[in-house]
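>>> output the structure for:
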Amino acid sequence: MKLLASLLILLLPWRLRRLVLQSLFGYEIDPQATVGFSIILAKKVVLRDRSRIGHLTFVKGLDELSLGRSGRLGNLNWITGYSSSNESTGRYSALFIGDHAAVTHRHLLDCADRISIGNYSTVAGWNTQFITHSIDLRVSRQTSMPIRVGKYCFVGSRSLLLKGAELPDYSILGAGAVLTEKLTEEFCIYGGVPARKVGVARDDLEYFRREVGFVD
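You can find the predicted model right below:
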């Protein structure tokens, strides 16, 4: 029913569609936030001022979708979750994109558990995957763990981040890298399969010092 309603209002002018989304679904959408021609199906949606969701992005099954101030979720992204209602495991199906952070275009995010993208971070290029769940062969069942990307991080194209992975603040994850664990050292370049430290990122890089805006 929610999907049908979302489809029916999709072609309404944004100002009117925002009012319908707020009244019908209870979404919290700042007047300066915008959503393109995308389907957003989550129990809770919070879009802060000047945040934006692009076109042809599909979000379904999440407990929560939250974009911070000037946060960006681009075009043609596929984001799925699985509601944690009536569970006592602590799992929370959610995507949090921080202030001035961006997930660009054509990425796949499995939000069976929480995915957090820190302030001023960028999931760049295209075709990066975040996978928060998998089959645990020891017990023959699905298990999940959150994925966290710290603040002022850069994630290159076609990267793969698996459940439990963490990229520390002020880090660069090279294109095609596979991040499988919690990393802790800041101001590093990580790359390879699995991802390991391959270099040092200077702390005077302008990317790490900016205070406003997504990198155009």
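
>>> chain center to stretch 126-134: distance?
Shown here is stretch 126-134, whose average C-alpha point lies 10 Å from the average C-alpha point of the whole chain (CA atoms, centre = their mean, to the nearest Å).

>>> next, the distance between the ends of that stretch.
Across stretch 126-134, the terminal residues are separated by 23 Å (CA to CA, to the nearest Å).

>>> what comes into contact with the helix or strand containing residue 16?
Element membership for residue 16 (DSSP states H and E) is helix 14-25. Residues external to helix 14-25 that are found in contact with it (CB atoms under 8 Å, 6 or more residues apart in numbering): 2, 5, 9-10, 12, 27-29, 31, 33-35, 40, 45. C-beta: built from backbone N, CA, C; applies to glycine.

>>> which strands border the next helix or strand after it, and is each parallel or antiparallel?
Toward the C-terminus, helix 14-25 is succeeded by strand 28-29 as the next helix or strand (DSSP H and E). The pairing partners recorded for strand 28-29 under DSSP bridges are strand 39-47 (parallel).

>>> alpha carbons only: can I get the partner strand in CSV?
Taking C-alpha atoms only, strand 39-47 is exported to CSV below (Å, rounded to 0.1, in the frame of the first residue of the first chain):
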residue,chain,number,x,y,z
ILE,A,39,10.8,5.9,-4.1
ILE,A,40,11.6,6.2,-0.4
LEU,A,41,10.0,3.5,1.8
ALA,A,42,11.2,3.6,5.4
LYS,A,43,9.4,3.7,8.8
LYS,A,44,11.2,6.9,9.7
VAL,A,45,12.7,9.4,7.3
VAL,A,46,14.6,12.5,8.5
LEU,A,47,15.9,15.0,5.9
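
>>> let me see the mean pLDDT of that strand.
Averaged across strand 39-47, the pLDDT comes to 97.

>>> same check on stretch 170-189?
For stretch 170-189, the mean pLDDT works out to 98.

>>> got a quick ChimeraX command for the buried subset of the contacts of helix 14-25?
Selecting the buried subset of those in ChimeraX, with 16 or more other CB atoms under 10 Å as the burial test, is done by:
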select :27,29,33,34,35,40,45
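
>>> farthest pair within the contacts of helix 14-25?
The span of the contacts of helix 14-25, defined through CB to CB, is set by 2 and 31 at 23.2 Å.

>>> low-confidence ranges in this protein?
Counting by pLDDT under 70, the chain contains low-confidence residues at 86-88, 216.

>>> where along it do the helices fall?
Assigned helices in the chain, in chain order: 2-8, 14-25 (criterion: DSSP state H).

>>> and the first one, how far out from the chain's middle?
Between the mean C-alpha point of helix 2-8 and the mean C-alpha point of its chain there is a distance of 23 Å (CA atoms, centre = their mean).

>>> so for that helix, what gets flagged as buried?
By 16+ other CB under 10 Å, the buried positions in helix 2-8 come out as residue 6.

>>> again with stretch 122-132
Residues 122-125, 128, 130-132 are the ones in stretch 122-132 that count as buried (16+ other CB under 10 Å).
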